[in-house]
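S.K.: need a structure here:
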Amino acid sequence: MEEKPRVLLVDDEAAITDNLAPFLERSGFEVVVAANGEDALRQVAASTPAIVIMDVLMPVLDGREALRRLRRAGNWTPVILLTQVGESSERAMALEEGADDYLNKPFDPHELVARLKAVLRRARPGQPPLATASRIASGDLLLDRTSRRAWLAGNEVTLTPKASALLEYLMTHPDELISRERLLDAVWGWEYPAGTRTVDTRIAELRRALNDDPSEPRFIETVPGQGYRFVGSVEGVA
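M.R.: As a prediction, the model looks like this:
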C-alpha cells in the first residue's frame with residue numbers, strides 16, 4: 001500500500017482541527033495535530049511530517065515565530081501558513097521568512113488540499129522554497145526578485161511593477177493552476193478595486209515582453225475557464 005503523506009495541522013481552534021483533520025484523512029493524508037507553535041516544533045521533531053499547515057495567530061508561540069525557528073534550525077519541511085484576509089504585508093514577510101505558501105481564513109478545504117498537493121509537488125527535499133530565493137530562472141528567463149528586474153536571453157525585459165509582481169508569483173508557483181481571483185488577491189490585494197480582466201491585461205503584457213506564444217507557451221499557459229499556469233521549470237540561482 002502506498003504510504004500517505006503525513007500532514008502536521010497546527011491550530012489552537014479545536015473547531016477547525018476537529019473538522020479539517022478528518023477531511024484531510026479522507027483526501028489521502030495522514031494527519032497529526034498540534035495546538036500551538038511550540039507544540040508544532042515538538043511534533044516536527046517527533047513525527048517528521050511531509051508538510052505543515054500552521055495558523056499564524058496562536059497562543060504560546062505564533063505561527064510565524066515557529067516558522068522562523070524551524071528555518072533557523074535548517075529545517076525546510078514545507079509550510080503553508082493560514083493567515084487573515086487583508087494582511088498582505090504579513091503574508092509577504094512570511095514568504096520571505098520561508099513559508100512555501102499561505103491561505104486566507106476562512107478557506108475552502110478543497111482549495112487547501114489543492115495547495116497541499118501543489119506544494120508537495122514542487123518541494124525540494126532539504127532545500128529552501130523558491131519563495132526565499134532572490135534570483136530565480138526558467139530556461140533563458142531570469143528574474144531578480146530584489147531589484148524587480150528580468151532578463152530574457154541576456155537582454156533586460158521592461159515590465160510594469162504589476163507585471164513584474166505577477167511574473168514573480170507565477171514563477172514561485174510553477175506547474176500550479178492559479179485562478180484569476182487568487183492572482184488578484186496575491187498581486188493586487190483585496191483593497192485594490194480591480195476586476196479579473198486586469199489580470200488578463202497584465203498576462204498579455206507579460207507574453208508580449210517574453211515573446212511567449214499562448215498557443216505554444218514556454219512560460220505561461222492559459223487554462224480555459226480556470227486561470228493560468230507557469231509551465232516552465234523554475235530553479236533558484238546564485
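S.K.: what kind of secondary structure is the residue nearest to K105 when sequence neighbours are not counted in?
M.R.: In space, and not counting its chain neighbours, K105 is closest to L82: 5.4 Å by C-beta to C-beta, 6 or more residues apart in numbering. C-betas here are computed from N, CA, C, even on glycine. Counting by DSSP: H, G, I helix; E, B strand; the rest coil, the backbone at L82 sits in strand.
S.K.: show me what contacts L82?
M.R.: By C-beta atoms under 8 Å, 6 or more residues apart in numbering, L82 lies in contact with 11, 53-56, 63, 102-105, 107.
S.K.: Relative to E97, how far out is it?
M.R.: Distance of L82 to E97, given as C-beta to C-beta, to the nearest Å: 15 Å.
S.K.: Check whether V199 sits in a helix, strand or coil.
M.R.: Three-state call for V199 (three-state DSSP): helix.
S.K.: how many neighbours does it have?
M.R.: V199 sits with 23 neighbouring residues when counted by other C-beta atoms under 10 Å.
S.K.: now do the one 4 residues further on
M.R.: Other residues lying near I203 total 22 when counted by other C-beta under 10 Å.
S.K.: how about the strands in the chain?
M.R.: Counting by DSSP state E, the chain has these strands, from start to end: 6-10, 30-34, 51-55, 79-84, 101-105, 135-138, 141-144, 149-152, 155-157, 220-223, 227-230, 235-236.
S.K.: Just name the most buried of those strands.
M.R.: strand 51-55 (a mean of 25; mean count of other C-beta atoms under 10 Å).
S.K.: Not counting its own residues, what contacts that strand?
M.R.: Contacts for strand 51-55 (C-beta under 8 Å, 6+ apart): 5-13, 16, 37, 40, 44, 63, 66-67, 77-82, 105, 112, 116, 119-120, 123.
S.K.: Could you list the paired strands of that strand along with their orientation?
M.R.: Strand 51-55 has the following strand partners under DSSP bridges: strand 6-10 (parallel), strand 79-84 (parallel).
S.K.: okay if I get these as TSV plus distance to R182 and mean pLDDT?
M.R.: As requested, the strands paired with strand 51-55 are arranged in TSV below (distance: least, C-beta to C-beta, whole Å; pLDDT from 0 to 100):
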stretch	distance to R182	mean pLDDT
strand 6-10	21	97
strand 79-84	14	88
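S.K.: pLDDT below threshold where in the chain?
M.R.: Scanning the chain with the threshold set as pLDDT under 70 gives 1, 85-91, 190-193.
S.K.: what residue is smack in the middle of it?
M.R.: Geometric centre of the chain, nearest residue: D101, 2.8 Å, by C-alpha atoms, centre = their mean.
S.K.: which residue packs closest to it, ignoring adjacent ones?
M.R.: Counting by C-beta to C-beta, 6+ apart, D101 lies nearest to I80, which is 4.9 Å off, once chain neighbours are set aside.
S.K.: For that neighbour, give me its contacts.
M.R.: For I80, the contact set (C-beta under 8 Å, 6+ apart) comprises 51-54, 99-103, 112, 115-116, 119.
S.K.: How much space separates it from G225?
M.R.: According to C-beta to C-beta, I80 and G225 sit 26 Å apart.
S.K.: and what of P22?
M.R.: 31 Å.
S.K.: Give me the more crowded residue out of these two.
M.R.: Using other C-beta under 10 Å as the criterion, P22 and G225 rank with P22 on top: 11 against 6.
S.K.: And stretch 34-47, what's buried?
M.R.: Under the neighbour-count criterion of 16 or more other C-beta atoms under 10 Å, stretch 34-47 has 34-41, 43-44 buried.
S.K.: What is the most widely separated pair among those?
M.R.: Greatest spatial distance among the buried residues of stretch 34-47 (C-beta to C-beta): A35 and V44, at 14.0 Å.
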